[in-house]
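In: The amino acid sequence is not available; the structure is as follows:
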Ligand code: HOZ
């Protein structure tokens, strides 16, 4: 595939007026030492760049596009909504319908507040937890990403990991001090934190399946242990299911693993490709939100009618028999194909997968936490990424991100991807990467 000349020109133009030329750092392709592709359009599992090159897409807008791009029924729902008005700043019945769907899908959610992004959902969940417990400290896990609110930009994996910084500049020391960052999948570390600060921890927030440092599933008993510790010490357990919600099961990781959080953050898929997110959970906590309670939260575009129309249609299409089995089967085919290609080429590659999210780490050890993630050979990843792109496969341009498989990925797409991976790994194996 040709290096994209129009993309290069578009990037130069963007850089003059947008910091780094992008509106979200990882899109700059800084982690793979080249400029980004500028996208012209997408359909199904295919992205087309501004030069007309086509790619099988495993980014899927970083998770939302579980049905594939431009699903005709979603497009029709959005068009119909747009014709009736794009924003009112007043309640609509569509918002209640979406809230009813979320309450029905996730067993721990009694009530839900719609917002516009996962970052907002997390901000609101933390504010609620602090108000409910009258405590300030929050425990998060190293490598888990919970959006870009100040207190969560501490050891946050994802884009921060790519840039090698433990925390963002501009976060007040006092704010960062209220966050305790502990290794993921390490229950003892959480036990010790509670033993040290039994009356100070308001909440434990976790991605039940870490998916912003590649994909790292929870060890058996880890999430159950967090649940027990929060119950014992009176802290609020927050699951950030922005990626896993409606992705690893219709009811998210909570359905897949059979447990309940106190508060759940949702985003990505629940917007059907438009900006919508939500925080939901126990009635007694959720009823602390204004206008019922003292915890303030608001947003002009919260429950936006276009996003709500896309969301209701997307969830309707997902709530059908066989959908998650199909996603699982596609994810499995890709996992098996990648592992076989790695074996045949003698490349150390650990593939972690839950359903339709997966990640190949260029390491020979199991990957259970951020320390393990960091053993990945970045030089090999960069070479692999470039080879895949050249063969028409668009992966996330960072070793710290997941691959997202959608219902639109065909058997042929997956076979082509596996064949491309085999070719790419042969080249990676031959190259003298450090
Ligand atoms: N939060 C995403 C990375 N884990 C990036 C989102 C984007 O750039 O669109």
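Out: Nice, thanks for sending it over. Computed from a predicted structure; not experimentally measured.

In: Any figure for the gap between the residue in the stretch 1-150 of the chain that the ligand sits nearest to and residue 426?
Out: Nearest to the ligand, among the residues of the stretch 1-150 of the chain, is residue 24, at 3.1 Å (C-beta to the nearest ligand atom). Quick note: C-beta positions are derived from backbone N, CA and C, even for glycine. Distance, residue 24 to residue 426, by C-beta to C-beta, to the nearest Å: 33 Å.

In: Compare neighbour counts for those two and give me the winner.
Out: Neighbours per residue (other C-beta atoms under 10 Å) separate residue 24 from residue 426, with residue 426 holding more: 16 against 10.

In: tell me the contacts of the spatially closest residue to the more buried one that is not a sequence neighbour?
Out: Nearest residue to residue 426 in three dimensions, chain neighbours excluded: residue 345, at 5.2 Å (C-beta to C-beta, 6 or more residues apart in numbering). Shown in contact with residue 345 (C-beta atoms under 8 Å, 6 or more residues apart in numbering): 422, 425, 426, 428, 429.

In: Show only the entries of these found in strands.
Out: Using DSSP state E, the subset of those located in strands is empty.

In: Confidence-wise, which of those comes last?
Out: Taken together, the contacts of residue 345 show their lowest pLDDT at residue 429, with 83.

In: wait, isn't that one in contact with residue 347?
Out: Yes. Here residue 429 reaches residue 347: they are 5.2 Å apart, a contact under C-beta atoms under 8 Å.

In: The two: which has the busier surroundings?
Out: Neighbour count, other C-beta under 10 Å: between residue 429 and residue 347, residue 347 has more, with 20 against 16.

In: Three-state assignment for that one, please.
Out: coil (DSSP: H, G, I helix; E, B strand; the rest coil).

In: Got the phi and psi for it?
Out: Per-residue torsions, residue 347: phi -100, psi 120 (degrees, to the nearest 10).

In: Repeat that for residue 272.
Out: The phi/psi pair for residue 272 (degrees, to the nearest 10) reads phi 50, psi 30.

In: you'd agree residue 48 is in a strand?
Out: Yes. According to three-state DSSP, residue 48 belongs to a strand.

In: List the residues that contact it.
Out: Listed by C-beta under 8 Å, 6+ apart, the contact partners of residue 48 are 39, 40, 41, 42, 54, 55.

In: What spatial separation is found between it and residue 11?
Out: Taken as C-beta to C-beta, the span from residue 48 to residue 11 is 17 Å.

In: I'd say residue 89 and residue 299 touch.
Out: No. The pair residue 89 / residue 299 is not scored as a contact, 9.7 Å apart, by C-beta under 8 Å.

In: Comparing these two, which shows the higher neighbour count?
Out: Neighbours around residue 89 and residue 299, counted as other C-beta under 10 Å, are more numerous at residue 299. The numbers are 15 against 10.

In: Helix or strand: which one has the more buried one?
Out: Taking DSSP states H and E as the definition, one finds residue 299 inside no helix or strand.

In: mind listing what it touches?
Out: Counting by C-beta under 8 Å, 6+ apart, residue 299 makes contact with 115, 116, 120.

In: Any regions of this structure where pLDDT drops low?
Out: 1-4, 157-166, 432-434 (pLDDT under 70).

In: I'd like the distance between the residue nearest to the spatial centre of it and residue 145.
Out: For the chain, residue 243 is the residue whose C-alpha lies nearest the centre (C-alpha atoms, centre = their mean; 3.5 Å). According to C-beta to C-beta, residue 243 stands 9 Å off from residue 145.

In: shared neighbours of the two, anything?
Out: Common neighbours of residue 243 and residue 145 (C-beta under 8 Å, 6+ apart) are 207, 212.

In: that older thread, tell me the contacts of the residue nearest to the centre of the chain?
Out: Contacts for residue 243 (C-beta under 8 Å, 6+ apart) come out as 63, 207, 209, 211, 212, 268, 357, 402.

In: Same question for residue 251.
Out: 105, 106, 107.

In: Need these in JSON lines (columns: distance to the ligand).
Out: Converted to JSON lines, the contacts of residue 251 look like this (distance: C-beta to the nearest ligand atom, whole Å):
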{"residue": "105", "distance to the ligand": "23"}
{"residue": "106", "distance to the ligand": "21"}
{"residue": "107", "distance to the ligand": "27"}
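
In: surely residue 14 meets residue 22?
Out: Yes. Assessed by C-beta under 8 Å, residue 14 is found in contact with residue 22 at 7.1 Å.

In: Residue numbers of the stretch 1-150 of the chain in contact with the ligand?
Out: Residues of the stretch 1-150 of the chain found near the ligand (C-beta under 6 Å from any ligand atom) are 24, 26, 27, 62, 145.

In: Mind putting those residues into CSV with distance to residue 389?
Out: Below are those laid out as CSV (distance: C-beta to C-beta, whole Å):
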residue, distance to residue 389
24, 19
26, 15
27, 14
62, 17
145, 24
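
In: May I ask which of these has the most neighbours?
Out: Each of those was scored for neighbours by other C-beta under 10 Å, and residue 145 scores highest at 27 neighbours.

In: What sits closest to that residue if chain neighbours are left out?
Out: Excluding the flanking residues, the one nearest residue 145 by C-beta to C-beta, 6+ apart is residue 212, at 3.5 Å.

In: Residue 85 too?
Out: The nearest residue in space to residue 85 (C-beta to C-beta, 6+ apart) is residue 305, at 6.5 Å.
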